[in-house]
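1. Please work out how this folds:
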Amino acid sequence: AAGSAAASAGETQYAWEAVPDPITDITSTVDTDILVIGAGLAGCACAAAAAEKGGKVTVVEKTSSWNGRGGGFGAINSHYMDELGIEVDKVNAKQHWIAQCASRANEDLIVKFFNSSEEASNWLLAKAEAVGGSAMVGAFYSHDDVYAEQPGYHMLMIPEEAGLTSTGFAGAELCYLDAVKDGAEFVFEARAEQLVGDAASGITGVVATTKDGKHVQYNAKKGVILATGGYDANPELMEAWTRPEDYASSSWWNPGWGTTGDGHLMGIKAGAQMDPCPQPVMNFRWGNPDSFYDARTWNAVYFALMVNGDGKRFVREDLPFQSVSNAQNAQPDFGKSCWQVFDDTMFEGMEDAVEEFKQKGWLFEGSTPEELAAACGVDPQGLADTIARYNGFFEAGVDEDFGRDLAGTIPFTGTRFFALTTNSCVLATVGGLTIDGSCRVLDTDDRVIEGLYAVGNASGNFFAGNYPRHIPGTSIGRAVTFGYVAAEHAVKGA
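-> Prediction:
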């Protein structure tokens, strides 16, 4: 892990690299079977699965509530997919996954996800159905042979009368409610500080600090499961463990969610192995300086060209979100001066947002490409030449520069030209502690650390260098699947 060697030698660049003294002023102890650290989707899935299998479960969460985000989850199969006749090409999907991770991800772990996803997904879907809900399997994916996406994205549709409070993906809340029903105890506003034990002796618990400053030691008979999420809200860890281009000019989707790498740091200080750096970041296109653009921009962005400060295209615009975002981040100044360019035939649905976005300084308009370029600071001749060349491709139906599918878009034929500022938007970090197929954390010699598990974005060796979005919703799908897998192993002990 970056910084670990320096810390062990007594040299530290960051405060978090220093190995702290053990906390000894313990005011009370709590005994449990399964101790889950973090009440996000992965943690709530762990708690629900372990509790329903008969485990005594305690969840320690530093914020005041369970947490869940996202729009849906990716699955390799489900009963909805069976009923709709939708089938993921597993060989194609796995090979694309490995290739997009430069063959550095753990193939055994990917296979485990492929083999366990259906059972875990149907388990979660049953919870939605129990409150009158259902799922819609997304069909909005690329069929391109080079950048193939798979149709396994599930969006939960929960009726209002179910009484849930989730405004987005309801999976965490469904798991939380079932976990509580089955006897799991949730302790909020308690921050896990140190693991009890180490890689050599095994992990037997956690010391946490309560909101009133007291230290409580939680002892876990069957396992401690780190479900603390990523570290996208920790600027020092982002600087130390990720590429600068993956965040330098980005906005953040949810910068205050508490994803500060707590589980990563506790793990490596206890002797755990972590993914090599730089670690992958889930960063999507469609960002604005505040967060993500809303649905009013969908048509405009879908049809738009992406250009840099020279007015030149630099990417095939219809690639998956992550691929477009990575290409933008590779532009000068980490993609800071890039634009979505479109005309008034392309922006249906955005009409009432034009003045709003102009006032924010996000949108510029011109009656010609040259006038537009002058308004937003792009090279006028470069932009005019780019649009003219792009329009010329439609006669033969072939994008000779980037291979965009022209059958799914339209040329510039309008009289009003627009440039909408664009940047990457960070959703999460997806590198973490190295695990085996049962989600047990490994030490730096690839040996299992007894009693310690990691799931969700606290876990690693599932992605490498890049977030391969050809199965949309994979990060959330991983949280569900491996939360379920870890709980099953911890309860059974095998």
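
2. in the stretch 1-150 of the chain, what spans have low per-residue confidence?
-> Within the stretch 1-150 of the chain, the segments meeting pLDDT under 70 span 1-11, 139-147.

3. one more time with 80
-> For the stretch 1-150 of the chain, residues meeting the criterion pLDDT under 80 lie at 1-12, 139-149.

4. how about the helices in it?
-> When secondary structure is read from DSSP state H, counting those that start in this stretch, the stretch 1-150 of the chain shows helices at 4-8, 41-52, 79-84, 90-100, 107-130.

5. ok, residue 220 touching residue 32?
-> Yes: using Cβ atoms under 8 Å, residue 220 is in contact with residue 32, at 5.8 Å. C-beta coordinates here come from the backbone N, C-alpha and C atoms, glycine included.

6. which residues of the stretch 201-350 of the chain fall in helices?
-> Defined through DSSP H, counting those that start in this stretch, the helices belonging to the stretch 201-350 of the chain, from first to last, are 235-241, 262-269, 298-303, 321-329, 332-335.

7. I'd like the ones you listed laid out as CSV, including mean pLDDT.
-> Conversion of the helices of the stretch 201-350 of the chain to CSV gives the following (pLDDT from 0 to 100):
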stretch, mean pLDDT
helix 235-241, 95
helix 262-269, 97
helix 298-303, 96
helix 321-329, 93
helix 332-335, 94
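
8. who wins for proximity to residue 207 among these?
-> The closest approach between residue 207 and any of those, judged by Cβ to Cβ, belongs to helix 262-269 at 9.8 Å.

9. If I take that closest one and helix 41-52, what angle do their directions form?
-> Angle between the axes of helix 262-269 and helix 41-52 is 80 degrees (criterion: axes from the mean of the first three to the mean of the last three Cα atoms, to 10 degrees).

10. Counting by contacts, list what helix 262-269 packs against.
-> Contacts of helix 262-269 with other secondary structure elements, assessed using 3 or more Cβ pairs under 8 Å, 6 or more residues apart in numbering; DSSP states H and E, are made with strand 26-37, strand 190-198, strand 215-226, strand 448-454.

11. and residue 184, which of the helices of the stretch 201-350 of the chain is closest to it?
-> Across the helices of the stretch 201-350 of the chain, residue 184 has its closest neighbour in helix 262-269 (18.8 Å, Cβ to Cβ).

12. Tell me how far that closest one lies from the chain's centre.
-> Centre-to-centre, helix 262-269 and its host chain are 19 Å apart (Cα atoms, centre = their mean, to the nearest Å).

13. in what helix or strand does the residue minimising distance to the centre of the chain lie?
-> The residue lying closest to the centre of the chain (Cα atoms, centre = their mean) is residue 428, at 4.2 Å. Per DSSP states H and E: residue 428 is located in strand 417-429.

14. After that strand, which helix or strand is next? Please name it.
-> For strand 417-429, the following helix or strand on the C-terminal side (DSSP H and E) is strand 440-442.

15. Residue 220 and residue 32: who's more crowded?
-> Between residue 220 and residue 32, counting by other Cβ atoms under 10 Å, residue 220 is the more crowded of the two (26 against 22).

16. quick one: contacts for the more buried one?
-> Residue 220 makes contact with 32, 33, 34, 35, 58, 203, 204, 205, 206, 451, according to Cβ atoms under 8 Å, 6 or more residues apart in numbering.

17. Equivalent analysis for residue 103, please.
-> For residue 103, no contacting residues are found, by Cβ under 8 Å, 6+ apart.

18. What does it show for phi and psi?
-> Note on residue 103: backbone dihedrals following degrees, to the nearest 10 are phi 60, psi 30.

19. For the residue nearest to residue 405 when sequence neighbours are not counted, grab the count of nearby residues.
-> In this structure, residue 405 finds its nearest non-sequential neighbour in residue 318, 5.8 Å apart by Cβ to Cβ, 6 or more residues apart in numbering. By other Cβ under 10 Å, the residues close to residue 318 number 20.

20. Next one, pLDDT for residue 318 please.
-> Per-residue confidence for residue 318 comes out at a pLDDT of 91.

21. I figured it hits residue 403, correct?
-> No: look at residue 318 against residue 403 with Cβ under 8 Å: they stay out of range, at 9.3 Å.

22. ok so, going back, and the residue nearest to the centre of the chain, bridged to which residues?
-> Beta-bridge partners recorded for residue 428 (DSSP bridges): residue 282.

23. ok so, going back, any chance of the helices and strands packed on helix 262-269 in JSON lines, with distance to residue 72 too?
-> Compiled in JSON lines, the helices and strands packed on helix 262-269 are given as follows (distance: least, Cβ to Cβ, whole Å):
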{"stretch": "strand 26-37", "distance to residue 72": "23"}
{"stretch": "strand 190-198", "distance to residue 72": "29"}
{"stretch": "strand 215-226", "distance to residue 72": "24"}
{"stretch": "strand 448-454", "distance to residue 72": "23"}
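
24. Figure out which of those is closest to residue 171.
-> When these are compared for distance to residue 171 using Cβ to Cβ, the nearest one is strand 26-37, at 15.5 Å.

25. Surely residue 429 touches residue 280?
-> Yes: with contact defined as Cβ under 8 Å, residue 429 and residue 280 form a contacting pair (7.3 Å).

26. hmm, back to that, output the helices of the stretch 201-350 of the chain in JSON lines; the columns should cover distance to residue 250 and mean neighbour count.
-> Putting the helices of the stretch 201-350 of the chain into JSON lines (distance: least, Cβ to Cβ, whole Å; neighbours: other Cβ atoms under 10 Å) gives the following:
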{"stretch": "helix 235-241", "distance to residue 250": "10", "mean neighbour count": "19"}
{"stretch": "helix 262-269", "distance to residue 250": "20", "mean neighbour count": "25"}
{"stretch": "helix 298-303", "distance to residue 250": "17", "mean neighbour count": "18"}
{"stretch": "helix 321-329", "distance to residue 250": "8", "mean neighbour count": "23"}
{"stretch": "helix 332-335", "distance to residue 250": "8", "mean neighbour count": "17"}
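
27. right, so of those helices, which gets closest to residue 171?
-> When these are ranked by distance to residue 171, counting by Cβ to Cβ, first place goes to helix 262-269 at 19.6 Å.

28. Now do the closest one against strand 190-198: the angle between them, please.
-> If you take the same axes, to 10 degrees, helix 262-269 sits at 20 degrees to strand 190-198.

29. Contacts made by helix 262-269 with the rest, please.
-> Residues lying outside helix 262-269 but in contact with it, judged by Cβ under 8 Å, 6+ apart, are 1, 4, 16, 19-20, 37-38, 62, 191-195, 206, 226-229, 231, 237, 274, 432-433, 441, 452, 454, 458.

30. The same query, at a cut-off of 7 Å, please.
-> Helix 262-269 is contacted by residues 1, 4, 16, 19, 37-38, 192, 194-195, 226, 228, 231, 274, 432-433, 441, 454, 458 when judged by Cβ atoms under 7 Å, 6 or more residues apart in numbering.

31. out of these, which are buried?
-> Restricting the contacts of helix 262-269 to buried positions leaves 1, 4, 16, 37-38, 192, 194-195, 226, 228, 231, 274, 432-433, 441, 454, 458, with burial counted as 16 or more other Cβ atoms under 10 Å.
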